[in-house]
Each structure stands twice: as structure tokens, then as C-alpha cells.
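[1] okay, sequence plus prediction incoming.
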Amino acid sequence: MRLMTSGASPFSRKVKVFAAEVGLSDTIKTIETDYDDPESGLWEDNPLGRVPTLIIGNGNALNGSSVICAFLDTTHNGPKLIPEAPKEHWRALHGEALADGLCEAGIAIQRELARPIEIRSESWIKRQKEKIYRTTTWFDKEWDLTENLIRIDLIALACTLSWFDHRLGDQLNNWRESSARLSDWLSCFSMRNSMIRTRPEQHFLN
């Protein structure tokens, strides 16, 4: 399998962490891709031109981190990281969707900050920050953050929060102050081997 990714993409890292946790790292080759380059080959496999995109053995492509992780969970014999029991299954997917939405709000901030300051919308940035602080506070109060628990929603959440630190630390450092339990959990989860090996500065699954 080939995983088309780009730089420090938090959604690509989510797939890499998932693959490592289920023992599939050695079956996937990462291909660094310029998603804006029509010659990269990405557009043929994903017309949206987005990463991550996984090319599986038959040459077909799977697009999006949630779909890719769901597929990978069907290809190993170990404990499933997407629970199979209905109640736990839907709760895990609910948490994953919230974590992914949290990430999208952070990306929206990053993109707005990249605009010239004279046309930058501070009100838009403020709205995204409010979404982020509401959601991190919700996870802090409502979510099962048991130490050493590994599940799709927790992988998505850890990759999102780590990306915040990596890309938006000076913009979003207040979330830790209001969500101490979540902050402590992230520090612990980040020590997992799968997280260490997939830090943005690492080259994993090459």
C-alpha cells in the first residue's frame, strides 16, 4: 500500500499512528506529495487533491483519514481500534468526528493567518478559536481519557492537539489552562511509540 501525504498533515499523521498501533507500518510506503502540483499524480487518485490518500493493492484509492483508518482496521487480526459493539462503535466515531472538526477549525486559523494582515479577518479567527475552546473543554469534561487506552477517537484527538502545539502554539496555548485533564492526557499519550515515531520532523513509513 502507498500513502500519499504532505509534510506535517495532522490527518496523515492520524493514519500513520493508526497503522503503527495495529502493526501495519511495514505494509505502507509513504509518498510525500505536493497536492497543488497537477504532475504529482495525486489528482488522478483523489480528484479533490487532498491528503491522505491510500493506494491499496488493487490500485484503487481510498480518500480521507476516517475511511482509510476504517479500512486498515479490517486488515489486521489484533484488537480493533474502532469498537465493534454498537454503543462503543458510534461513540468512538462521534469522538473522531469531533476531533477532526477541531482540527479543521485549527487549519482554518492557520490559513487565515497566512493572509496579508490588511485583509485578515480577526472575527473569523475568533470564531474558530471559540469552537476550539468549547470542544477541548467538552473533551476534558466528558470523554474517557483513561491512560494507555488506544482507540480511533483518541488517535484523532492526540494528532489534532499535537498539531496545535506544532503549528499554532502561540495562538492556542490557552486551551491547556482550561482543560488540565486533557492536557495531562495528551502529554501521556504523546509518549506512545507510534506518536514519537510520527512526529512532524520524523520520516516514518518510508
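    Here it is on my side, so go on.

[2] near P200, how many other residues are there?
    Applying other Cβ atoms under 10 Å, we find 13 residues neighbouring P200. For the C-beta atoms, the positions are set from N, CA and C on the backbone; glycine is no exception.

[3] that one - that's part of a helix, no?
    No. If the criterion is DSSP: H, G, I helix; E, B strand; the rest coil, then P200 is coil and not within a helix.

[4] so the nearest residue to it once chain neighbours are set aside: helix, strand or coil?
    What sits nearest to P200 in space, not counting adjacent residues and going by Cβ to Cβ, 6 or more residues apart in numbering, is A8, at 3.7 Å. Under three-state DSSP, A8 falls in the coil class.

[5] also I31?
    Here I31 is strand, with the state taken from three-state DSSP.

[6] could you do R181 as well?
    Strictly by three-state DSSP, R181 counts as helix.

[7] which strands or helices does the helix or strand bottoming out on mean pLDDT in the chain pack on?
    Here the helix or strand of the chain ranked lowest by mean pLDDT, DSSP states H and E is helix 42-45, holding a mean of 81. Contacts defined by 3 or more Cβ pairs under 8 Å, 6 or more residues apart in numbering; DSSP states H and E place helix 42-45 against strand 53-55.

[8] ok, K14 touching L157?
    No. Counting by Cβ atoms under 8 Å, K14 sits too far from L157 to count as a contact (9.5 Å).

[9] contacting residues for A156?
    The contact partners of A156, by Cβ atoms under 8 Å, 6 or more residues apart in numbering, come to K14, S65, G95, E96, A99, D100, C103.

[10] now swap in R127 and tell me
    Contacts of R127 by Cβ under 8 Å, 6+ apart: none found.

[11] next one: the one 5 residues further on
    I132 makes contact with L102, A105, G106, F164, L172, W175 under the criterion Cβ under 8 Å, 6+ apart.

[12] ok, back up a step: from the contacts of A156, which land in strands?
    Per DSSP state E, strands hold no members of the contacts of A156.

[13] let me know the closest of the residues you listed to R115.
    C103 (19.7 Å; Cβ to Cβ).
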